[in-house]
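Asker: whatever this is, show me its structure:
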Amino acid sequence: MTFYPNDRIALFIDGANLYSAAKGLNFDIDYKKLLEEFRKRGVLVRAYYYTAIIEDQEYSPLRPLVDWLDYNGFTMVTKAAKRHTDYATGVTRTKGNMDIEIAVDMMEIAGHVDHIVLFSGDGDFRRLVEAVQRRGVRVTVVSTVRSQPPMASDDLRRQADTFVDLHDLANLIGRPTRPVSERRHADEREPDAV
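Answerer: A predicted model of the protein is given here:
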C-alpha cells in the first residue's frame, strides 16, 4: 500500500464482508490494531463501519461489537436487518446489505480525503471506486483471493489503485482465532451481506 505522510485517509469497512473474509483466512480482526495501523499511514479522517443488526431479537450478539467500535473511534452506520423466509423450502435468511450507505458516504467524503481504503471484495463497488477515482482520490481495496471461494471480485481488484490481500495484513491487524467456547460476544457472526 502506498500512503504518504500527509494523506487524508478514510476507511470504509463492510462489516459482514470483512468478517467473512477474515473467517475464510482463519483469523479475527483486532479493530484497535486496525485503527492504529492506518493512523501510522497518514491522517485518519474517518473510519466507517457498516453493519445490519437484527432488531427483533431480544439480544443481538453483534451489539457489544457495535458499541465497542462506536466508543473507540469508528463511525457506526447501522440499519435493521431483514429476515426473509423461502416458503417453498422453509429456509430463513437474514439480509443486511449496506451498499447504498457505503456509496453515499464515500461520495460525500471524496472531496475531503486523498485516499480511501475499502474493506470489501464486493464487485458491486467497482463503479463507485471508479467514480471516486475520477474525483482524484486513490482507492485501496482490502479483501482476499486466498480463501475458498475467493472473496474479492476480479473487476473490483482491477479497478482499485491498489489491491491488498487481507492475508497480508493478518499479522498487523489480526488476532488468532480462538475456539468458539472462548469467544467474547464481540466476535459473533455478522448478518449476511447479500
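Asker: show me what contacts Ala22?
Answerer: 28-29, 166, 174 (C-beta atoms under 8 Å, 6 or more residues apart in numbering). Placement of C-beta: from N, CA and C, glycine included.
Asker: so which of the residues you listed belong to strands?
Answerer: Under the assignment DSSP state E, the contacts of Ala22 contribute 28-29, 174 to strands.
Asker: quick one: which of those residues is most hemmed in?
Answerer: Ile29 (22 neighbours; other C-beta atoms under 10 Å).
Asker: is that residue bridged to anything, and to what?
Answerer: On the basis of DSSP bridges, Ile29 is bridged to Gly174.
Asker: from Lys23, how far off is it?
Answerer: Separation of Ile29 from Lys23 (C-beta to C-beta, to the nearest Å): 10 Å.
Asker: am I right that Thr51 falls within a strand?
Answerer: Yes - looking at Thr51 with DSSP: H, G, I helix; E, B strand; the rest coil, it is inside a strand.
Asker: what about it, how many neighbours?
Answerer: For Thr51, using other C-beta under 10 Å, the count is 24.
Asker: my read: it touches Arg63, true?
Answerer: No - in this structure Thr51 lies outside contact range of Arg63 using C-beta atoms under 8 Å: 10.3 Å.
Asker: which SS class is the residue lying closest to Asp99 once chain neighbours are set aside?
Answerer: The spatially closest residue to Asp99, leaving aside those adjacent along the chain, is Asp124, at 5.5 Å (C-beta to C-beta, 6 or more residues apart in numbering). Recorded secondary structure, Asp124: helix (three-state DSSP).
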